[in-house]
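K.L.:
just coords:
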């Protein structure tokens, strides 16, 4: 969420699902500036939006949100690859069940409580 989108936000429900922040042992100044910029854009986006769900999957890397770790474990994070894909699938389904199919109860909170790998925050 960069530039205009972060400044204006969105009116519709939105789910951000992301991996752990992968911080190198000795981050250089460029890395620190990039992290600061990303955090600011995300914070701006959340503060200007309605119904934002922010989910961090502990132990996941960016590549866990693709199918690559299913055939190359070397690119996966610390989390079990199949568990991570199951969590992504269940969280996505719960979000769409609520906001596309119109189910009254959203299961995101229940899923987050069921798995210690999930950090969940609703804004």
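P.N.:
Looks like it came in fine. Everything numeric here is computed off the predicted structure, so don't read it as measured data.
K.L.:
and the residue nearest the centre of the chain, what is it in contact with?
P.N.:
In the chain, the centroid-proximal residue (Cα atoms, centre = their mean) is residue 17; its distance is 1.6 Å. Residue 17 is in contact with 55, 57, 65, 88, 91, 92, counting by Cβ atoms under 8 Å, 6 or more residues apart in numbering. From N, CA and C alone the C-beta is placed, and that goes for glycine too.
K.L.:
Which ChimeraX command selects the buried ones in those residues?
P.N.:
Only the buried entries of those go into this ChimeraX selection, using 16 or more other Cβ atoms under 10 Å:
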select :55,57,65,88,91
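K.L.:
low-confidence ranges in the chain?
P.N.:
1-2 (pLDDT under 70).
K.L.:
buried sites along the helix or strand harbouring residue 86?
P.N.:
Using DSSP states H and E, residue 86 maps to helix 81-99. Buried residues in helix 81-99, defined by neighbour count with 16+ other Cβ under 10 Å: 81, 84, 85, 87, 88, 90, 91, 94, 95, 98, 99.
K.L.:
can you redo those residues as a markdown table with distance to residue 30?
P.N.:
Converted to a markdown table, these look like this (distance: Cβ to Cβ, whole Å):
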| residue | distance to residue 30 |
| --- | --- |
| 81 | 30 |
| 84 | 28 |
| 85 | 32 |
| 87 | 31 |
| 88 | 30 |
| 90 | 36 |
| 91 | 32 |
| 94 | 37 |
| 95 | 34 |
| 98 | 39 |
| 99 | 37 |
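K.L.:
Tell me the one among those nearest to residue 23.
P.N.:
Closest approach between these and residue 23, by Cβ to Cβ: residue 84, at 19.4 Å.
K.L.:
Isn't that closest one up against residue 58?
P.N.:
No: if you go by Cβ atoms under 8 Å, residue 84 and residue 58 don't touch, sitting 9.9 Å apart.
K.L.:
shared neighbours of these two, anything?
P.N.:
residue 117.
K.L.:
Show me what secondary structure element comes after the helix or strand hosting residue 111.
P.N.:
According to DSSP H and E, residue 111 maps onto helix 108-114. Sequence order places strand 118-122 as the next helix or strand after helix 108-114, per DSSP H and E.
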